[in-house]
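Enquirer: here is a sequence with its predicted model. Questions after.
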Amino acid sequence: MEKTELKFKISAALKNIIGRDLINDDFIAVFELVKNSYDAHARNVDVIFEKSNNKFSKIIIKDDGKGMNYNDLLNKWLFVAYSAKSEGTEEDSYNYRDKIKVKRSYAGAKGIGRFSCDRLGGSLYLETIKEEVNAKVEVLVTDWEKFEEDLSDEFVNISVIHETIEKSSYEKQNGTVLEITNLRSEWDRDKLLKLKSAIAKLVNPNTRSSEDSFKVNLWVESEKAEDEKVKEIGEKKNIPEEAIYKDIVNGTIENFIFEALNLKTTKITSQVSGINRNIITTTLLEGGKLIYKIKEENSFKKLQNIDLTIYYLNQSAKITFARRMGIPLVDYGHVFVYKNGLRIYPYGERGEDPLKMDNRKAQGSRRFLGTREVVGYIDIYGDNPDLKETSSRGDGLIKTETYNELYEWFYTILRRLEKYIVEVSDWGNDLSDDDYVNLDEDQKVTALENLVSRLSKARNVISIDYGDDLFKILEQKQEGSARSVLSEIKKKVNEENFDRQEILKGIENAERKITNLERIKDESEDAALDEFIKNEELSNELESQIKKGSWQGALLGTDRERIIGLQHQVFHSSSRINRNIKLLLKHLDPNLIDATVQKHLSVISLESSKINSIANFVTKANFNLKATEIKRDLVEFIAGYINEIYLVDDKVIDSPLKIDIISKGEIQYEKEIRPLEITTLVDNFISNSEKAGAKRIVFMFQKKESSLIIEISDDGKKGIEKENLQRIFDLGFTTTNGTGVGLYQTKDIVSRMGGNITVDSQKNIGTTFKITL
């Protein structure tokens, strides 16, 4: 029987498969095109949005890279899935000798990123000029809709239009312009700001040298007037530049994140280096000061040209970060992955956990760090062909043996950070108590080496360096712990005329009891939890509730989790109380409400609001809920409440508002406060802004001499009429569908704190409340 050769036929549907079906996110599509500019040795990329008929109709991406000639268009751009980058021929005709340029490694090498144009719009006008002698301006016009008219058509039979023109429409000497029209998605200011924020994370700012600069600029003419308003308001209110910057659409896109993170954080770095990639160097820093630096033999033989940096932020550092940057850390992201300076999705994206950090943390929340405690990046540079992005953008790196080693290496370094963060208060346990008190210099060196070795669990150590301030830093980390207090007593006892041996023996016994109690406590908690779940009555009740859906099928076990189940009923009851207050106030003639009635209604409403607040944070508060007053830093308390209740992933209240916390400089304001009243205050402001149709509310803190000023501003279009400003704090007065009690309550709380509150409001602009304490 005769054999014949057959060939594959390719349907026009291929365009969708490698275009908008594969690249299914507008931001990733823009990233892919910006990455192409980077690979073309561009120093500047402009991303431009243009409007027509009051609607965004055109996206232009233009760069000053090396451009393309006719042959490049024919044999590279129009050659689907061919990548000269991957083949290694991309630079054959490019001369570096007379350039002040660094030869870059490539961010992309699949030959399909150009189809991101299809994701963004139905039509493409491409104009390009190669950086060469006697260069010509080449133009390609592509109508992507033609590929969808008849899927039985072959891909290669659908034409695109080519033309060589005399002069660039964009007056360019070299580079490429992509003009995308018939946009497939709606764009508005909010989406443009999100794009800017996303592009800011595209380039790792720590990897760009002055010789290899790469800038991305966003230009949207129609948003310039609004940008000026935002700048003016921000400058008047002394908002930090970084916080203003994030609300400005136009300009060069920058990433301040890692600069901000160098403040008040614990940082660990690790690099695979050496001539034969045979050394791993790991450095741990606390607030910029060296804890230890270890060089060791590399056991990950497939890894090369790769760095890792992780920052740990405690609650105080998170609040400082949010004040400075105008965004909570949890909204920024966690551990990003960059290859040759450009980001790989979805690593670091909020809500994504490709490194499985949160899965691991769920198995031991006290021992492990998750995506909400750390931020950082893995930086892969050079060719590294075994660490390659999947074709389906947004799915991360291909899971090769090298990737598995990277994953293991990441956790090796993360565990060292955890060892320091979680267990550092136990430092010195391998020393005798006498040595702890009376170390001479030689003993100190030996003890530190033992400590560093124990903290790092390092094998095959080549060398260890440690910081001069290590003792001081570790003592500060332990401050307030039981062991630290007992050790301090031992120091003092050594200086007094007591029976030293007897007292030291008693303290050592107490230390052993503390250790034993900690162990018993942990074991008891585990045992109690097991018994609790095994209890037949509870099991039956849980099964019944899950069937009804009232527990959402997710709440099991501890007291904390049982309380969550009661929150819905508390909110329901509180809402009924408020609704009845509202009906009562409507029924009563305002002129007949005397001081006594006013007082009783106010107390009922305030107590109802307190009940709501308790329900909000009873599972999160770390202070005594029974306390009438506590002494706290008011700024930190308010910021912490907003972060925990409104902004975190498992937020209690899902507000449609964008909530920002801003302060100028490091502000502290210690004051005796009633926690439930402060949380009620915050809830009232946020609730009022929602009712006024606001999209954003800002809590801004500043200090003038000894006074604390809190400004709460929103952009609610409804605002408050001028004639109503004097009545806004009166009981029962409301401009919305509320009870008219919240602001009366607010003024009463502020007055009892010894402060005053004023309000300014303008229609279509917003409202600002100013509290002075």
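Expert: Received the coordinates, thanks. Numbers count the residues shown, from 1 in each chain.
Enquirer: residue 196: neighbour count?
Expert: By other C-beta atoms under 10 Å, the residues close to residue 196 number 22. Just so you know, the C-beta spots here come from the backbone N, C-alpha and C atoms, and that holds for glycine as well.
Enquirer: swap in residue 47?
Expert: Residue 47, neighbours per other C-beta under 10 Å, totals 24.
Enquirer: so how far is residue 166 from the closest residue to residue 67 other than its chain neighbours?
Expert: Closest residue in space to residue 67, ignoring its immediate chain neighbours: residue 130 at 4.3 Å, by C-beta to C-beta, 6 or more residues apart in numbering. From residue 130 across to residue 166, the span is 16 Å (C-beta to C-beta, to the nearest Å).
Enquirer: ok, these two, which is more surrounded?
Expert: Each of residue 130 and residue 166 has its neighbours counted (other C-beta under 10 Å); residue 130 has more, 24 against 6.
Enquirer: if we can go back for a sec, contacts only, for the residue nearest to residue 67.
Expert: Residues in contact with residue 130, defined by C-beta atoms under 8 Å, 6 or more residues apart in numbering, are 66, 67, 68, 69, 72, 174.
Enquirer: ok, so of those, who is nearest residue 353?
Expert: The nearest member of the contacts of residue 130 to residue 353, counting by C-beta to C-beta, is residue 66 at 38.5 Å.
Enquirer: so the closest one sits against residue 135, correct?
Expert: No. Under the criterion of C-beta atoms under 8 Å, residue 66 makes no contact with residue 135, lying 10.4 Å away.
Enquirer: neighbour-wise, which of these two wins?
Expert: Neighbours per residue (other C-beta under 10 Å) separate residue 66 from residue 135, with residue 66 holding more: 24 against 16.
Enquirer: now do the SS call for the more buried one.
Expert: Classification of residue 66 using DSSP: H, G, I helix; E, B strand; the rest coil returns coil.
Enquirer: isn't residue 58 right next to residue 50, touching?
Expert: Yes. Between residue 58 and residue 50 there is a contact under C-beta under 8 Å: 4.2 Å.
Enquirer: look at residue 135 and tell me its secondary structure.
Expert: The three-state label for residue 135, taken from three-state DSSP, comes out as coil.
Enquirer: quickly note the distance from it to residue 164.
Expert: 11 Å.
Enquirer: also residue 248?
Expert: 40 Å.
Enquirer: the more surrounded of those two?
Expert: residue 248 (18 against 10).
Enquirer: enumerate every residue touching the closest residue to the more buried one other than its chain neighbours.
Expert: Distance criterion C-beta to C-beta, 6+ apart; nearest residue to residue 248, sequence neighbours excluded, is residue 227 at 4.9 Å. By C-beta under 8 Å, 6+ apart, the residues touching residue 227 are 248, 249, 250.
Enquirer: now pLDDT, secondary structure and distance to residue 183 too, for these, in a markdown table please.
Expert: A markdown table is the format used below for those (pLDDT from 0 to 100; DSSP: H, G, I helix; E, B strand; the rest coil; distance: C-beta to C-beta, whole Å):
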| residue | pLDDT | secondary structure | distance to residue 183 |
| --- | --- | --- | --- |
| 248 | 92 | coil | 23 |
| 249 | 93 | coil | 17 |
| 250 | 94 | coil | 19 |
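Enquirer: which residues does residue 671 bridge with?
Expert: For residue 671, the beta-bridge partners under DSSP bridges are residue 632.
Enquirer: was I right about it contacting residue 754?
Expert: No. Using C-beta under 8 Å, residue 671 is not in contact with residue 754, being 9.0 Å away.
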